[in-house]
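Undergrad: coords please:
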Amino acid sequence: MRRTPIVLALLGALTVAGCSSSGGQSAQSAPASSAAGAATAGASYAVITHGAPGDSFWDVVKNGAEAAGKQYGVKVTYQGDGDPAKQSQLIDQAVSEKADGIVVSMANPDALREAIGKAVAAKIPVITINSGADSSKAFGAVTHVGQSEDVAGRGAGEQLKAAGITKLLCVIHEAGNVGLDQRCKGAEQTLGGTVERLQVDVSNLADVTSKVTAKLQSDKQVNGVLALNPAVAIAARDAVKDSGSQAKLATFDLSGDVVSAIKDGEVLFAVDQQQYLQGYLPITFLHLYKNNLNTVGGGLPVNTGPGFVTKDNADQVAKLAAAGTR
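TA: Next up is the predicted model:
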């Protein structure tokens, strides 16, 4: 999947700005570069998500944030908690520790409003990622980095319709996550068939397999399953096998196991939001904001997806997923 022109321009600008005088910078530009380095020295950015520890999706986000931190010579801390109250406490902690910037995912925006408001009031730049795009600007964030869940859902629905799906089971793995519901609604808009939601718990994958198996056995009209998480996708794959169903499976987001399942024909496709960028770009944007007061997006989200991983490009993506960047 290609990066957007604005991302390429930003990364190119940073590469040029990081050159030494022997690499082509004029002597006149050196003082500005030195000032930028001084501004960055000792900077500390807190990444606080709703991802559970060990979730392969969020591991890639963490990898992206830490890679950017290493590149710019800044401290990046990553913490995740699926409980909105605890996530709010982590934001409060980052504010009390006077973080230079905060990156936060907003699966439950209303629950985080007060904590994010405290960060903004303390003049700490906040960038939201992954979910909660509709609330980002209103909460005072500099920008939002992620994908439009509605657009991604509609794209998935179109792909599933083309595959002949008429009744779809949309598996929601986090209660109250607005982005997941948007994905299901988007798929419903373009599928042209019936979409039924099934609530599961991402922290209990054995139970996910059991619940999906039971649903497929009790309702033979379900001929498609849409997972919204890579670990859930693998659990759903096992459910399709266990139930003896002929239902076709697709998923949102990637892992090495999902890519392998696509190559093996067990999963039709994965909607790829390129979550590495959701870790990497916010640190880049905070670096630019701190050093040069740059803001990105013009009040609109910076999209990292959607793209689609299918059998046609799975081999290439597999190598990147193994390296922890996809």
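Undergrad: Do a quick rundown of the helices in the stretch 101-250 of the chain.
TA: Taking DSSP state H, counting those that start in this stretch, the helices of the stretch 101-250 of the chain run over residues 109-121, 133-136, 149-162, 178-191, 205-218, 230-243.
Undergrad: any chance of the ones you listed in a markdown table, with mean pLDDT too?
TA: Supplementary listing: the helices of the stretch 101-250 of the chain in a markdown table, determined by pLDDT from 0 to 100:
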| stretch | mean pLDDT |
| --- | --- |
| helix 109-121 | 98 |
| helix 133-136 | 94 |
| helix 149-162 | 96 |
| helix 178-191 | 96 |
| helix 205-218 | 97 |
| helix 230-243 | 97 |
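Undergrad: Ok, which of those comes nearest Lys75?
TA: With Cβ to Cβ, the closest approach to Lys75 among the helices of the stretch 101-250 of the chain belongs to helix 109-121: 17.2 Å. Where C-beta positions appear, they are placed from N, C-alpha and C, glycine not excepted.
Undergrad: Report the buried residues of that closest one.
TA: Buried residues in helix 109-121, counting neighbours by 16 or more other Cβ atoms under 10 Å, are found at 109, 111-113, 115-116, 118-120.
Undergrad: Need the max-distance pair from these.
TA: Checking those with Cβ to Cβ, the most distant pair is Ala111 and Val120, at 16.2 Å.
Undergrad: Could you dump the helices of the stretch 101-250 of the chain into CSV and include distance to His50?
TA: CSV is the format used below for the helices of the stretch 101-250 of the chain (distance: least, Cβ to Cβ, whole Å):
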stretch, distance to His50
helix 109-121, 9
helix 133-136, 14
helix 149-162, 14
helix 178-191, 10
helix 205-218, 18
helix 230-243, 15
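Undergrad: Now do stretch 190-197: everything it contacts.
TA: 154-155, 157-158, 160-161, 165-172, 184, 187-188, 222 (Cβ atoms under 8 Å, 6 or more residues apart in numbering).
Undergrad: Please repeat the previous calculation with a cut-off of 7 Å.
TA: 154, 157-158, 160-161, 165-170, 172, 184, 187-188 (Cβ atoms under 7 Å, 6 or more residues apart in numbering).
Undergrad: try stretch 292-308
TA: So stretch 292-308 is in contact with 1, 4, 6, 10, 133, 137, 142-148, 151-152, 155, 159, 269, 271-274, 277-278, 281, 285, 288-289, going by Cβ under 7 Å, 6+ apart.
Undergrad: again, but for stretch 116-134
TA: Stretch 116-134 has contacts (Cβ under 7 Å, 6+ apart) with 91-92, 95, 99, 101-107, 109, 136, 139-146, 177-179, 278, 282, 285-286, 289, 301.
Undergrad: Now restrict those to buried residues only.
TA: Looking at the contacts of stretch 116-134 with 16+ other Cβ under 10 Å, the buried ones turn out to be 91, 95, 99, 101-107, 109, 136, 139, 141-146, 177-179, 278, 282, 285-286, 289, 301.
Undergrad: In strands only, show me the residues you listed.
TA: 101-105, 143-146 (DSSP state E).
Undergrad: need the residues you listed in CSV with distance to Val240, can you?
TA: Converted to CSV, those look like this (distance: Cβ to Cβ, whole Å):
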residue, distance to Val240
Gly101, 43
Ile102, 40
Val103, 36
Val104, 35
Ser105, 30
Thr143, 39
His144, 35
Val145, 33
Gly146, 29
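Undergrad: Can you redo these as CSV, where the extra columns are pLDDT?
TA: Below are these laid out as CSV (pLDDT from 0 to 100):
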residue, pLDDT
Gly101, 98
Ile102, 98
Val103, 98
Val104, 98
Ser105, 98
Thr143, 97
His144, 97
Val145, 98
Gly146, 96
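Undergrad: So which of those residues is the closest to Ala239?
TA: Nearest to Ala239 among those, with distances taken as Cβ to Cβ, is Ser105, at 27.5 Å.
Undergrad: Quick check: the closest one touching His50?
TA: Yes - counting by Cβ atoms under 7 Å, Ser105 does reach His50; the two are 5.2 Å apart.
Undergrad: got the contact list for Cys184?
TA: 153, 170, 172, 195, 197.
Undergrad: same question, Ala43
TA: Counting by Cβ under 7 Å, 6+ apart, Ala43 has contacts 74-75, 100, 290.
Undergrad: Just the buried ones out of those, please.
TA: 74, 100, 290.
Undergrad: Pipe those residues into a markdown table and attach pLDDT and distance to Gln316 per row.
TA: Listed next are those as a markdown table, based on pLDDT from 0 to 100; distance: Cβ to Cβ, whole Å:
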| residue | pLDDT | distance to Gln316 |
| --- | --- | --- |
| Val74 | 97 | 31 |
| Asp100 | 98 | 36 |
| Lys290 | 95 | 35 |
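Undergrad: ok, those residues vs Ser260, which is closest?
TA: Val74 (35.0 Å).
Undergrad: Quick check, the closest one in contact with Tyr45.
TA: Yes - between Val74 and Tyr45 there is a contact under Cβ under 7 Å: 6.2 Å.
Undergrad: Right, I'll call it a day here.
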